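J.: please work out how this folds:
(2 chains)
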Amino acid sequence: MQSKPITLTILDFVSVTVLMIAAYLALFFAPTEAVMGDVQRVFYFHVGTAWVGLLGFLIAAISGIAYLVTKDLKWDRFEVAAVEVSTMFFFITIVLGSIWARPAWNTWWTWDPRLTTAAITELIYIAYFMLRQGIEDPEKRARFGAVYTLLGGISAPITFMVIRLFRTIHPVVIGNQSAAAQGGFDMTADMRTAFFFALFAFTVLFIDLIWHRIRLGSLQEQVEQLKLNASA
Amino acid sequence: MFLETTPDTSGYMIAGYLITFFTMGLYVLSLFQRNKDLGQDLEILAKMAKESRSKPSRPSKSAKSRPGGKSKTKKI
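T.: You can find the predicted model right below:
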């Protein structure tokens, strides 16, 4: 087994620290929004997790291209890591959005364009793992994964842009929102501090988790190789 | 219409943050557990590989029974 690099240990510590600071800023530092009350505070982590979620899906698509060009299995490990970590973060995004929607829109869920595209994106990547498991040959599996994430990656910019292109009730905090949007608000300076720090904290945590997942992937590969040698 | 007081929605906020930290914690635990399991598998497989390398190569039973014969099996 490979020993854990010191940089990764430092990154673990930094990730936990910045996440705690982000939680403090979101829960205590940022002012309470007058119309929605405390539930607006989930917005900081909602956007933070959505940012790394969509970023990871794009990284996976780029890794897919890199694998198809080079045929190097390290890109497959990178792709799996990006998809797994992002699927987890994007799940949190959807749950937080639903919790915020209950008092803001008076419903847990509605088939609004943003919510629908987000749900489809999450399902695409859950299906990715289910389909991958059915392929035993590592090269075939990697080729399938590369093509799948390349096509699935299209859903990330669509999900991001949909509230800027279509009539939707989902608010746009940065940029122009649809006339039908409900629950939008103007950020104060303190809110902006909490918001940008949350984006930074989730980016650090994302890098840390991806690194751990890549290490797990290479360990998996070693075990698979030894099993093949033992059976031969 | 303007609301006179800010509504108390702190319950939703607490639920949101609890779910967030619980999900992330669960994922970290799953990474740790998978890493531990694979480490054990790797140890066992490495041990098996080492044992099979250290064993002296013996002729098979069928080769022993047939004087000067090769250990071929009959195709049925």
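J.: need the contact list for A:Val52.
T.: Residues near A:Val52 by Cβ atoms under 8 Å, 6 or more residues apart in numbering or on different chains: A:Val85, A:Ser86, A:Phe89, A:Phe202, A:Thr203, A:Leu205, A:Phe206. All C-beta spots, glycine's among them, are computed from the backbone N, C-alpha and C.
J.: next one: A:Arg41
T.: By Cβ under 8 Å, 6+ apart, the residues touching A:Arg41 are A:Ala26, A:Leu27, A:Ala30, A:Thr32, B:Met13.
J.: what of A:Thr110?
T.: With contact taken as Cβ under 8 Å, 6+ apart, A:Thr110 is in contact with A:Ala101, A:Ile169.
J.: swap in the one 10 residues further on?
T.: Listed by Cβ under 8 Å, 6+ apart, the contact set of A:Ile120 reads A:Ser155.
J.: before we move on, which element is it in?
T.: Following DSSP states H and E, one finds A:Ile120 within helix A:113-133.
J.: and that helix, which residues are buried?
T.: Buried residues in helix A:113-133, counting neighbours by 16 or more other Cβ atoms under 10 Å in any protein chain shown, are found at A:Pro113, A:Arg114, A:Leu115, A:Thr117, A:Ala118, A:Thr121, A:Glu122, A:Ile124, A:Tyr125, A:Tyr128, A:Arg132.
J.: can you classify the residue nearest to the second one when sequence neighbours are not counted by secondary structure?
T.: Taking Cβ to Cβ, 6 or more residues apart in numbering or on different chains, and ignoring the residues beside it in sequence, A:Arg114 has A:His170 as its nearest neighbour in space, at 4.0 Å. Classification of A:His170 using DSSP: H, G, I helix; E, B strand; the rest coil returns coil.
J.: re earlier: could the buried residues of helix A:113-133 be laid out in CSV, adding pLDDT?
T.: Below are these laid out as CSV (pLDDT from 0 to 100):
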residue, pLDDT
A:Pro113, 92
A:Arg114, 93
A:Leu115, 94
A:Thr117, 95
A:Ala118, 96
A:Thr121, 96
A:Glu122, 96
A:Ile124, 96
A:Tyr125, 97
A:Tyr128, 96
A:Arg132, 93
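J.: worst-scoring helix or strand of chain A, pLDDT-wise?
T.: The helix or strand of chain A with the lowest confidence, counting by mean pLDDT, DSSP states H and E, is helix A:155-165 at a mean of 89.
J.: helices of chain A, start to end?
T.: According to DSSP state H, chain A carries its helices in the segments A:6-24, A:42-70, A:73-105, A:113-133, A:138-152, A:155-165, A:189-231.
J.: right, and B:Tyr17 touches A:Leu27 too?
T.: Yes. With contact defined as Cβ atoms under 8 Å, B:Tyr17 and A:Leu27 form a contacting pair (7.2 Å).
J.: per-residue confidence for B:Met48?
T.: B:Met48 carries a pLDDT value of 85.
J.: let me see the contact set for A:Lys71.
T.: Here A:Lys71 is in contact with A:Glu139 (Cβ under 8 Å, 6+ apart).
J.: phi, psi of it?
T.: Dihedral pair for A:Lys71: phi 60, psi 20, per degrees, to the nearest 10.
J.: compute the distance between it and A:Phe160, please.
T.: A:Lys71 is 31 Å from A:Phe160, where distance means Cβ to Cβ, to the nearest Å.
J.: picking up where we left off before, quick check: angle from the least confident helix or strand of chain A to helix A:113-133?
T.: Interaxial angle, helix A:155-165 versus helix A:113-133 (axes from the mean of the first three to the mean of the last three Cα atoms, to 10 degrees): 180 degrees.
J.: count of neighbours near B:Lys23?
T.: You called it Lys, but residue B:23 is Thr. As a burial measure, B:Thr23 scores 16 neighbours (other Cβ atoms under 10 Å in any protein chain shown).
J.: okay then, goodbye and thanks.
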